[in-house]
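>>> got a sequence here, can you build the structure:
(one chain, ligands or ions: 1)
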Amino acid sequence: MSTLKNDLFLRALKGETVDRPPVWMMRQAGRYLPEFMEIKAKYDFFTRCQTPELASEITVQPIRRYGMDAAILFSDILVIPQAMNIEVEMKPNVGPWLPNPIRSAKDVDQVIVPDIQETLGYVMDAIKMTKEKLNDEIPLIGFAGSPWTILCYCVQGQGSKNFDKAKEFCFTQPLAAHTLLQKITDTTIAYLKEKVKAGVNAVQVFDSWGGMLSPEDYQTFSWQYIQQIIDALKEESPVIAFGKGCWFALDTMAKSGASALGVDWTCSARNARYLTGGNITLQGNFDPTRLFSPPSEIKQMVHEMIRSFGKDKYIVNLGHGILPNIPLENAGAFIEAVKEYKE
Ligand SMILES: Cc1c2[nH]c(c1CCC(=O)O)Cc1[nH]c(c(CCC(=O)O)c1C)Cc1[nH]c(c(CCC(=O)O)c1C)Cc1[nH]c(c(C)c1CCC(=O)O)C2
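Predicted coordinates for the structure are as follows:
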């Protein structure tokens, strides 16, 4: 039983009939918001993540401005490798930077499966503080990166167009790669369980770089680990699995026990419904760059998107994170369009 004033998001996750679908935006707490930039100017990235007052404030900023139907905790997928004894920096204008990338079985041996409260207790404190600020108005989403996506950063050492070093590691040292993936999986399961205990209402697994793998390699190096996470979490919380560029795996994902699947804009609603068998809740898939279109066009496109997916078993979202330089009015038009939607 949910005591939330607006439980549209949780109802859509359960597949219940709704008047309109719920809406939130991936990366909704971010650089397109002036109030976010003000905090960013004063505190470095991991200070923002590690200080519950800051993380909770940043989480509710987009809600205050636009009134989305769900909040997502401000944090990062890379707090997991940090907790596992891997150094991670966030370099201004570069992004993630790992000075000692993992390249051998010996490096993998140094990686620990940490105690979650000890290493990531600050995330749980941020969740509790955010829940207080949200005051039971809307649900809070917790998240983690997929083990494969985390491995990508741990091995490559930074962002990449093709994550060639990460793939080379998997294909030349598969034993070491699977050992690392399993350590990340074990840590992620314990972490997400703690997040649920701390109060998040749903969890999303971001497989941002799953689409770098062939369909066969995807099953071997990414999906089997996400499946472990779903198996471990699904009794405790709804799980959303989002794989960027992973439409080819939607049929497998639909049988996983996840409550919803994320879809990016390269897959049509019709194809996504077809591949998933039409019964599971889908989330997506507006091209984030389309938020540069005039607000009136955005609204038309959003209404068309809802008609294509259908209003039930559907969560309106972007197909990936919102871009930093999107006009505020345009982000607003996206949210308003959903609230104005009528059959
Ligand atoms: C791959 C990935 C990362 N982090 C994340 C992913 C998966 C989602 C995706 O694919 O977009 C997840 C993430 N990162 C952040 C959130 C916050 C919650 C939200 O509003 O969605 C979430 C859900 C904050 C953040 N994480 C980061 C920022 C921007 C930097 C800053 O605020 O200083 C934010 C708001 C930094 C980050 N963190 C990461 C990258 C690649 C970057 C650099 C991005 C850039 O500079 O363009 C790793």
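>>> going forward, measure contacts between C-alpha atoms and count neighbours the same way
Fine.
>>> contacting residues around the residue of the stretch 101-250 of the chain found nearest the ligand?
Using C-alpha to the nearest ligand atom, S208 is the residue of the stretch 101-250 of the chain that sits closest to the ligand, at 4.3 Å. The contact partners of S208, taken as C-alpha atoms under 8 Å, 6 or more residues apart in numbering, are G145, S146, T149, F242, G243, K244.
>>> at 7 Å what do you get?
With contacts defined as C-alpha atoms under 7 Å, 6 or more residues apart in numbering, S208 is in contact with T149, G243, K244.
>>> which one of these is nearest to Y32?
Nearest to Y32 out of the contacts of S208 is K244 (C-alpha to C-alpha; 21.5 Å).
>>> tell me which element the residue positioned nearest the centre of the chain is part of?
Centroid-nearest residue in the chain, with C-alpha atoms, centre = their mean: F206, separated by 4.2 Å. Following DSSP states H and E, one finds F206 within strand 202-207.
>>> also N93?
Using DSSP H and E, no helix or strand contains N93.
>>> for T179, same thing?
Using DSSP H and E, T179 sits within helix 174-198.
>>> show me what that helix packs onto, helices and strands only.
On a contact count with 3 or more C-alpha pairs under 7 Å, 6 or more residues apart in numbering; DSSP states H and E, helix 174-198 meets helix 105-109, helix 116-134, helix 147-156, helix 224-233.
>>> rerun at 6 Å
Judged by 3 or more C-alpha pairs under 6 Å, 6 or more residues apart in numbering; DSSP states H and E, helix 174-198 is in contact with helix 147-156.
>>> do the helix it packs on and the ligand meet?
No. Against the ligand, helix 147-156 shows no contacts by C-alpha under 6 Å from any ligand atom, the least distance being 7.1 Å.
>>> again, but for stretch 192-201
No. Shown here: stretch 192-201 not in contact with the ligand (C-alpha under 6 Å from any ligand atom), separated by at least 13.3 Å.
>>> return the distance of that stretch from the chain's centre.
15 Å (C-alpha atoms, centre = their mean, to the nearest Å).
>>> give me the contact list for that stretch.
M124, P139, L140, I141, G142 (C-alpha atoms under 6 Å, 6 or more residues apart in numbering).
>>> count of residues packed around Y314?
Y314 has 29 neighbouring residues, counting by other C-alpha atoms under 10 Å.
>>> check D109 too.
Neighbourhood size, D109 [other C-alpha under 10 Å]: 12.
>>> okay, it: pLDDT?
The model reports D109 with a pLDDT of 98.
>>> just the helices in the stretch 201-343 of the chain please.
Along the stretch 201-343 of the chain, the segments classed as helices by DSSP state H, counting those that start in this stretch run 215-217, 224-233, 250-254, 269-276, 295-309, 328-340.
>>> could I get these as a markdown table with mean pLDDT, mean neighbour count and distance to F286?
Formatted as a markdown table, the helices of the stretch 201-343 of the chain follow (pLDDT from 0 to 100; neighbours: other C-alpha atoms under 10 Å; distance: least, C-alpha to C-alpha, whole Å):
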| stretch | mean pLDDT | mean neighbour count | distance to F286 |
| --- | --- | --- | --- |
| helix 215-217 | 98 | 14 | 24 |
| helix 224-233 | 98 | 20 | 24 |
| helix 250-254 | 98 | 19 | 18 |
| helix 269-276 | 98 | 17 | 10 |
| helix 295-309 | 98 | 18 | 8 |
| helix 328-340 | 98 | 19 | 9 |
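>>> nearest to the ligand, of those?
The ligand lies closest to helix 328-340 among the helices of the stretch 201-343 of the chain, at 13.3 Å (C-alpha to the nearest ligand atom).
>>> if you count neighbours, what's buried in stretch 317-324?
Applying a neighbour-count criterion of 16 or more other C-alpha atoms under 10 Å, one finds N317, L318, G319, H320, G321, I322, L323 buried in stretch 317-324.
>>> near the ligand too, which of those?
The residues of the buried residues of stretch 317-324 that also fall near the ligand, by C-alpha under 6 Å from any ligand atom, are G321.
>>> could you dump the buried residues of stretch 317-324 to CSV with distance to P215?
Shown next, in CSV, are the buried residues of stretch 317-324 (distance: C-alpha to C-alpha, whole Å):
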residue, distance to P215
N317, 25
L318, 23
G319, 20
H320, 20
G321, 23
I322, 27
L323, 28
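>>> show me which of the buried residues of stretch 317-324 is closest to the ligand.
Distance to the ligand, by C-alpha to the nearest ligand atom, is smallest for G321 among the buried residues of stretch 317-324, at 5.0 Å.
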